[in-house]
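[1] need the 3D shape of this:
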Amino acid sequence: MSSDHPITLIRSETPPTVDPDGTADYGNIDLFHVVNQDPDGTLTWEIVGDWGHAVVADPAASLVLCR
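    The predicted model follows:
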């Protein structure tokens, strides 16, 4: 997730779990929705999960599916 605008992030105090390969697992995205649309068309999104809470305006998102 990236944006040309500042991203507000409030991290959870919950520690990540550890996957079998030893990497940290911060959990899922439980909520990802539009919370505001500015008159100029900029959308502000809220993203929530066990890892914390983020608010980002006009995000550029990418999705990579792994097997």
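[2] show me what contacts the residue nearest to Val18 when sequence neighbours are not counted?
    Excluding the flanking residues, the one nearest Val18 by CB to CB, 6 or more residues apart in numbering is Ala24, at 6.4 Å. (Glycine included, C-beta is placed from N, CA and C.) For Ala24, the contacting residues are Pro16, Thr17, Val18, by CB atoms under 8 Å, 6 or more residues apart in numbering.
[3] try 10 Å
    Applying CB atoms under 10 Å, 6 or more residues apart in numbering, one finds that Ala24 lies in contact with Pro15, Pro16, Thr17, Val18, Trp51.
[4] Thr14 too?
    Tyr26, Gly27, Asp50, Trp51, Gly52.
[5] the fourth one - nearest residue in space that isn't next to it in sequence?
    Nearest in space to Trp51, with sequence neighbours left out and distances taken as CB to CB, 6+ apart, is Tyr26 at 3.8 Å.
[6] right, and the helix or strand after the longest strand seen in the chain?
    The strand that spans the most residues within the chain, counting by DSSP state E, is strand 29-37. Downstream of strand 29-37, the first helix or strand assigned by DSSP states H and E is strand 43-49.
[7] contacts for that next one next, please.
    Outside strand 43-49, the residues within contact range by CB under 10 Å, 6+ apart are 1, 3, 5, 7-10, 12, 26-38, 53-59, 61.
[8] one more time with 7 Å, if that's ok
    The contact list for strand 43-49 (CB atoms under 7 Å, 6 or more residues apart in numbering) reads 27-37, 54-59.
[9] show the average pLDDT along the next helix-or-strand element following it.
    Using DSSP H and E, the helix or strand that follows strand 43-49 in sequence is strand 52-57. Per-residue confidence for strand 52-57 averages out to 94 on the pLDDT scale.
[10] number the residues from 18 up from this point.
    In the new numbering, first residue 18, that becomes strand 69-74.
[11] buried stuff in strand 69-74?
    Across strand 69-74, burial judged by 16 or more other CB atoms under 10 Å covers Ala71, Val72, Val73, Ala74.
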